[in-house]
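Novice: Dropping a prediction and its sequence here:
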There are 2 protein chains.
Amino acid sequence: MSDPSTVGRQFVDFYYQTFDSNRAGLASLYRDMSMLSFEGQITVGTKNVVEKLTSLPFQQVRHVVATCDAQFGSPNGSILVTVTGQLMIDEETQPQFFTQTFHLYPEGGSFFVYNDIFRLVLGM
Amino acid sequence: MSDPSTVGRQFVDFYYQTFDSNRAGLASLYRDMSMLSFEGQITVGTKNVVEKLTSLPFQQVRHVVATCDAQFGSPNGSILVTVTGQLMIDEETQPQFFTQTFHLYPEGGSFFVYNDIFRLVLGM
């Protein structure tokens, strides 16, 4: 089985590169059973998840990863990844801190997103 | 199967009550295959996890939960929970922000911690 840290970091780098350049391209990473909790709002399935992500009210965004921790999420080779980092949005000069957890399921030599939980870390 | 939000919140409340009053009591929530990533350091198994948690260099700590998001982590009824919140440590007046992700596995009508990833959210 693949090393969780390596898979986790590669996935996270690819995910945020895609998010920051072509959000609709994230569709390939989700499946019909995929779940997204975005700031407490739950959506299920590729179509709904991508609609949610592409409708977020900002034009330009850049994710800067600060930490990325990964573990096997099951004996079947799923991988759990938790990220902390900063979001640079549009013209704002102050970054926003966020955390995001992905649960990646193996599929044909690659992985898709089974769980996705995103939260801004507020109060700072 | 149980509702993830309800299970997640009940677990989190119990976990932090126990952490803040009797850290050694957390042993009952872990198993030999349990994994903890604490600020990037990985430990495996109840004994090692509890040694890590009880050796943390503070006397008094209080967790204040800000957000708690939960989803089914698999078709088998495991539950994924991501928390954000604040840590009040000893005599410090400034809280520290943290995020923690638990992956809970069902066992005999209850749950144990399969994955546990803790990170302070720094830079604020």
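Specialist: Ah, there it is.

Novice: so where's chain A uncertain?
Specialist: A:1, A:123-124 (pLDDT under 70).

Novice: Chain B contacts on that one?
Specialist: By the rule Cβ under 8 Å from any Cβ of the partner chain, the part of chain A lying against chain B is A:35, A:37, A:40, A:42, A:66-67, A:69, A:71-74, A:78, A:80, A:82, A:84, A:86, A:97, A:99, A:101, A:103, A:114-115, A:117, A:119, A:121-124. Glycine gets a C-beta too; all of them are placed from N, C-alpha and C.

Novice: Can you show me the CA trace of the lengthiest helix in chain A as CSV?
Specialist: Using DSSP state H, we find that the single longest helix of chain A is helix A:4-21. Taking C-alpha atoms only, helix A:4-21 is exported to CSV below (Å, rounded to 0.1, in the frame of the first residue of the first chain):
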residue,chain,number,x,y,z
PRO,A,4,-0.1,7.9,3.6
SER,A,5,2.1,11.0,4.0
THR,A,6,3.3,10.9,0.3
VAL,A,7,-0.2,10.3,-1.1
GLY,A,8,-1.7,12.9,1.2
ARG,A,9,0.8,15.6,0.3
GLN,A,10,0.6,14.8,-3.5
PHE,A,11,-3.2,14.9,-3.3
VAL,A,12,-3.4,18.1,-1.4
ASP,A,13,-0.9,19.9,-3.7
PHE,A,14,-2.9,18.8,-6.7
TYR,A,15,-6.3,19.6,-5.1
TYR,A,16,-5.3,23.2,-4.3
GLN,A,17,-3.5,23.8,-7.6
THR,A,18,-6.7,22.8,-9.3
PHE,A,19,-9.0,24.7,-6.9
ASP,A,20,-7.0,27.9,-7.4
SER,A,21,-6.8,27.7,-11.2
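
Novice: ok, A:Phe111 touching A:Val81?
Specialist: No: A:Phe111 is beyond contact range of A:Val81, at 9.8 Å (criterion: Cβ atoms under 8 Å).

Novice: list residues touching both of those two?
Specialist: Each of A:Phe11, A:Leu104 lies in contact with both A:Phe111 and A:Val81 under the rule Cβ atoms under 8 Å, 6 or more residues apart in numbering or on different chains.
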